[in-house]
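S.K.: quick one: sequence plus predicted model below, questions after.
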Amino acid sequence: MERKKTTLLDLIKKKEQRIPITMLTAYDYPLAQAVDNAGIDMILVGDSYGMVVLGYNSTVPVTMEEMLIACRAVARGAHYSFLVGDMPFMSYQADTAEAVRNAGRFIKEANMDAVKLEGGRRVVDAVRAITHAGIPVMGHIGLTPQSISQLGGYRTQGTTAAAARELLDDALALQAAGCFALVLEKVPDRVAAYITQRLRIPTIGIGAGAGADGQVLVIHDLLGLFDRFVPKFAKQYAQLHDNIAQALNEYKSQVENHAFPTPQHSFAIKENEWETFLQAAAEHSSDVPQVFIDEHADTARVY
């Protein structure tokens, strides 16, 4: 059967039919192409790009321009997955009109299908304004990395009755404001499952147990490419970082030992052309300036 582009209606239908939604992050063309070819429903171009690819210590320093570059690369590689661009810190918090303009850039300039922003009831005005502009919005509650200083670290959210109720209220408010889906990050599994049951829109869990409508992982965690730390909720399906290190060490050794490149990795010139070249080079060698280094001068002399 011919594959079609995933739409919002497809995601809603999966929730209704209790078919798990698959989602992965990707930040560049080749990985986006691989994720898309694997049939993953959604690709998130997350602001985790700043930590995983750019080497920042958090997601906070990531800029709009950096996110747009990553989004454009992903859009060139993925043609069927539903694409979501992560709005970076301070691209939507300060002013509602600015939030709409920045969200529009993800759609118009970077070919995303939707945007994602972090926060609960405090971002409802931005969500409502962006959706009124015709741009689908995915919400994100629980552990919100852009607010990590305010949260006091990467701690599980919603672990008390009061905190769980706050998450539920945030989820319902975001749904009412127009969000088409919610990411639930690092939330107790029973809390996430309850919120999922209360919502009409799909939930995507990351560290939120099996009760969410779908799951998302950072692809570098899944592939074992990011070696600084591995979150508890991330399952590594491969150990590519070790494979890459082994390959690089082998390359270095082969170059140093003259084992690479071999003739099969080189290109040849026809014998008659080589002889003609040598003859021509010899005839004109006297015309080539000679460079001599004078140890007592600041520059080389050409004679």
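M.R.: Looks like it came in fine. Numbering: from 1, shown residues only.
S.K.: what helix or strand is Arg200 on?
M.R.: Here Arg200 is covered by no helix or strand, with elements defined by DSSP states H and E.
S.K.: for it, which non-adjacent residue is spatially closest?
M.R.: Of all residues not flanking Arg200 in the chain, Gln175 sits nearest, at 6.7 Å (Cβ to Cβ, 6 or more residues apart in numbering). In short, each C-beta sits where N, CA and C put it, glycine included.
S.K.: just checking, Thr131 touches Ala176?
M.R.: No. Using Cβ atoms under 8 Å, Thr131 is not in contact with Ala176, being 10.9 Å away.
S.K.: when those two are compared, which one has more neighbours?
M.R.: Between Thr131 and Ala176, counting by other Cβ atoms under 10 Å, Thr131 is the more crowded of the two (19 against 11).
S.K.: who's in contact with that one?
M.R.: For Thr131, the contacting residues are Val137, Ala177, Gly178, Cys179, by Cβ atoms under 8 Å, 6 or more residues apart in numbering.
S.K.: number of residues surrounding the closest residue to Pro61 other than its chain neighbours?
M.R.: Nearest residue to Pro61, sequence neighbours excluded (Cβ to Cβ, 6+ apart): Gly50, at 6.0 Å. Residues near Gly50, counting by other Cβ under 10 Å, number 25.
S.K.: verify the stated contact: Gly50 with Met64.
M.R.: No. Counting by Cβ under 8 Å, Gly50 does not reach Met64; the two are 12.0 Å apart.
S.K.: residues in contact with both of these two, list them for me.
M.R.: Common neighbours of Gly50 and Met64, counting by Cβ under 8 Å, 6+ apart, are Pro88.
S.K.: shaky segments in the stretch 51-200 of the chain?
M.R.: In the predicted model of the stretch 51-200 of the chain, residues 148-154 satisfy pLDDT under 70.
S.K.: quick one: the helices in it?
M.R.: Taking DSSP state H, counting those that start in this stretch, the helices of the stretch 51-200 of the chain run over residues 64-77, 96-108, 124-132, 148-151, 161-177, 189-198.
S.K.: CSV please, covering these and showing distance to Ile269.
M.R.: Below are the helices of the stretch 51-200 of the chain laid out as CSV (distance: least, Cβ to Cβ, whole Å):
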stretch, distance to Ile269
helix 64-77, 37
helix 96-108, 50
helix 124-132, 60
helix 148-151, 59
helix 161-177, 66
helix 189-198, 65
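S.K.: who's in contact with Thr7?
M.R.: Contacts of Thr7 by Cβ under 8 Å, 6+ apart are Phe82.
S.K.: which phi and psi does it have?
M.R.: phi -120, psi 170 (degrees, to the nearest 10).
S.K.: if we can go back for a sec, on the three-state scheme, the residue nearest to Pro61 is what?
M.R.: Assigned by DSSP: H, G, I helix; E, B strand; the rest coil, the conformation of Gly50 is helix.
S.K.: same question, Asn272
M.R.: The three-state assignment at Asn272 reads helix, by three-state DSSP.
S.K.: list the contacts of it.
M.R.: Contacts for Asn272 (Cβ under 8 Å, 6+ apart) come out as none.
S.K.: ditto for Gln239
M.R.: Gly224.
S.K.: what about Gln239, distance to Tyr27?
M.R.: 20 Å (Cβ to Cβ, to the nearest Å).
S.K.: what's the answer for Asp86, then?
M.R.: 10 Å.
S.K.: alright, calling it a day.
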